[in-house]
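sequence and predicted structure are below.
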There are 2 protein chains.
Amino acid sequence: MPRWEPQTRDRLRDAALELFLAHGFDNVTVAQITERAGLTRRTFSRYFTDKRDVLFAGSEKLPAVMAAAVGRADPDLPPFTALLTALAEVGDLVADEHAAERRAIVAASPELQERGLTKDAAVTRALAGALEQRGAEAATAALLAPVGTAIFRAAFARWAEQPERASLADRIRETAAELAANLEPAATPGGQSRPAAGRAAYER
Amino acid sequence: MPRWEPQTRDRLRDAALELFLAHGFDNVTVAQITERAGLTRRTFSRYFTDKRDVLFAGSEKLPAVMAAAVGRADPDLPPFTALLTALAEVGDLVADEHAAERRAIVAASPELQERGLTKDAAVTRALAGALEQRGAEAATAALLAPVGTAIFRAAFARWAEQPERASLADRIRETAAELAANLEPAATPGGQSRPAAGRAAYER
């Protein structure tokens, strides 16, 4: 019986990604993947639960990894700065050489996009919990966490579209800066000056 | 055969909301709802498809209503201001007298929360499309739309928790102002000055 070999895993993953990209995730079977890799179904089962697992292996850890990164950030940082520091740190872990291909495959499949929503919701819950652990108000944590997830997703899309794919962490910081610039003039629509009242109401 | 009567619909809805709040959505049957309302299953079927429909009737229109409100906003407004104006306008439509009860019922049921994610994703897609229609860059629209949805959800939670439930539109503007205040110092983590580079990269 052969030992567990990283090359075998990589062959299966490469074959799967090629087929998913060419034919769409929904139209590819495990049999087609193993045939293309020149390996058996039994070998596939040693490395992956099913064809989804080729795309999502490891991603179940993302909520905990994100929460831990928020927890590690300097306790003196304000909550959004801590969140952004954590997103940038985790971003460079997530952005491996196949991340852009995985993203394109997920974007083309309604079933996988649905799963992506559930994953993002789990990340958002973990971020909110970690911000509260740092002492943020529950209402502030519940607002900043989904915004962090939105920044991460938007930055990831931009990173994946760049041919050079320099650094996801840089894209995350740029995206957050762009969001801040967009929000700045809009906080007081119709010329009403409401920020002070808003903060007072929620920062008891 | 009786005519369609609003009072009958209200009796069924009130009975359903009371039972959902008391026992949890998953544990309540249509038979229990009709029994409590003193009506028949056949009558229930004239007003609602199933027990979920009692909670979500009309919500399938929300994406289109949101998009139309973004489209109606003054064309000279910057994209986030237009988005916020639309959220506030729709907010006061959504915040009816039973909205807080519906929210509590959904929050207590994993099945309904999953459905809520799908609904929110549809709203986000509609907002992004409407922002692009107004001339926003696709990347900017894809960033601002989920942030708009996050502001709407957070504001709705705050509104529902207030005993007086004054105005959801006010809570939306306050929540956006709070978000802007939180983002301000964080756009340049570690003291690096990146906003200009970020904007230049995406605003070709």
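Looks like it came in fine.

so, low pLDDT: which residues of chain A?
Applying pLDDT under 70 to chain A flags residues A:1-5, A:185-204.

the host helix or strand of residue A:170 - contacts with which helices or strands?
Under the criterion of DSSP states H and E, residue A:170 resides in helix A:168-183. Packing contacts for helix A:168-183, counted by 3 or more CB pairs under 8 Å, 6 or more residues apart in numbering or on different chains; DSSP states H and E, involve helix A:79-94, helix A:138-161, helix B:79-94, helix B:138-161, helix B:168-183, helix B:195-202. To be clear about C-beta, it is placed using only N, CA and C from the backbone, and glycine gets the same treatment.

what angle do the fifth one and helix B:79-94 make?
In this structure, helix B:168-183 runs at an angle of 150 degrees to helix B:79-94, with axes from the mean of the first three to the mean of the last three CA atoms, to 10 degrees as the basis.

report the distance from helix B:168-183 to the chain centre.
16 Å (CA atoms, centre = their mean, to the nearest Å).

put the alpha carbons of it into CSV.
Extracted C-alpha coordinates of helix B:168-183, given in CSV (Å, rounded to 0.1, in the frame of the first residue of the first chain):
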residue,chain,number,x,y,z
LEU,B,168,-35.6,52.7,11.4
ALA,B,169,-34.4,55.4,9.0
ASP,B,170,-32.8,57.3,11.9
ARG,B,171,-31.2,54.1,13.2
ILE,B,172,-29.8,53.5,9.7
ARG,B,173,-28.2,57.0,9.5
GLU,B,174,-26.8,56.6,13.0
THR,B,175,-25.4,53.2,12.2
ALA,B,176,-23.7,54.5,9.1
ALA,B,177,-22.3,57.4,11.0
GLU,B,178,-20.9,55.0,13.7
LEU,B,179,-19.4,52.9,11.0
ALA,B,180,-17.7,55.9,9.3
ALA,B,181,-16.3,57.0,12.7
ASN,B,182,-14.9,53.5,13.4
LEU,B,183,-13.3,53.2,10.0
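
run the angle between it and helix A:138-161 for me.
Using the same axes, to 10 degrees, helix B:168-183 lies at 70 degrees relative to helix A:138-161.

do the first one as well
If you take the same axes, to 10 degrees, helix A:79-94 sits at 30 degrees to helix A:138-161.

need the contact list for residue A:184.
Taking CB atoms under 8 Å, 6 or more residues apart in numbering or on different chains, we find residue A:184 in contact with B:180, B:184.

count of residues packed around residue A:158?
20 (other CB atoms under 10 Å in any protein chain shown).

burial check on the spatially closest residue to it that is not a sequence neighbour, number of neighbours?
For residue A:158, ignoring the flanking residues on the chain, the nearest one in space by CB to CB, 6 or more residues apart in numbering or on different chains is residue A:171 at 5.1 Å. Residue A:171 has 28 neighbours, counted by other CB under 10 Å.

residue A:45 now?
12.

does it lie in a helix or a strand, and which?
helix A:41-47.

what's that helix packed up against?
On a contact count with 3+ CB pairs under 8 Å, 6+ apart, helix A:41-47 meets helix A:6-23, helix A:30-37.

now do the buried residues in the shortest one.
Meaning helix A:30-37. Judged by neighbour count using 16 or more other CB atoms under 10 Å in any protein chain shown, the buried positions of helix A:30-37 are A:30, A:33-34, A:36-37.

of these, which is the nearest to residue A:153?
residue A:33 (27.4 Å; CB to CB).

quick one: the closest one and residue A:50 touch, right?
No - Residue A:33 lies out of contact with residue A:50 (CB atoms under 8 Å); the separation is 10.5 Å.

and the helix or strand harbouring residue A:123 with chain B, contact?
According to DSSP H and E, residue A:123 maps onto helix A:110-133. Yes - for helix A:110-133, a contact with chain B is found by CB under 8 Å from any CB of the partner chain, at A:113-114, A:117-118, A:121.

restricted to buried residues, select those in PyMOL.
Here is the PyMOL selection string for the buried members of those, based on 16+ other CB under 10 Å:
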select buried, chain A and resi 121
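
which one of the residues of helix A:110-133 next to chain B is nearest residue A:139?
Nearest to residue A:139 among the residues of helix A:110-133 next to chain B, with distances taken as CB to CB, is residue A:121, at 18.3 Å.

what's the closest non-adjacent residue to residue A:50?
residue A:30 (7.1 Å).

just residue A:114 next, same as before
Excluding its sequence neighbours, the residue lying closest to residue A:114 (CB to CB, 6+ apart) is residue B:118, at 7.1 Å.

kindly report the same for residue A:89.
With CB to CB, 6+ apart, the residue lying closest to residue A:89 is residue A:69, at 4.9 Å.
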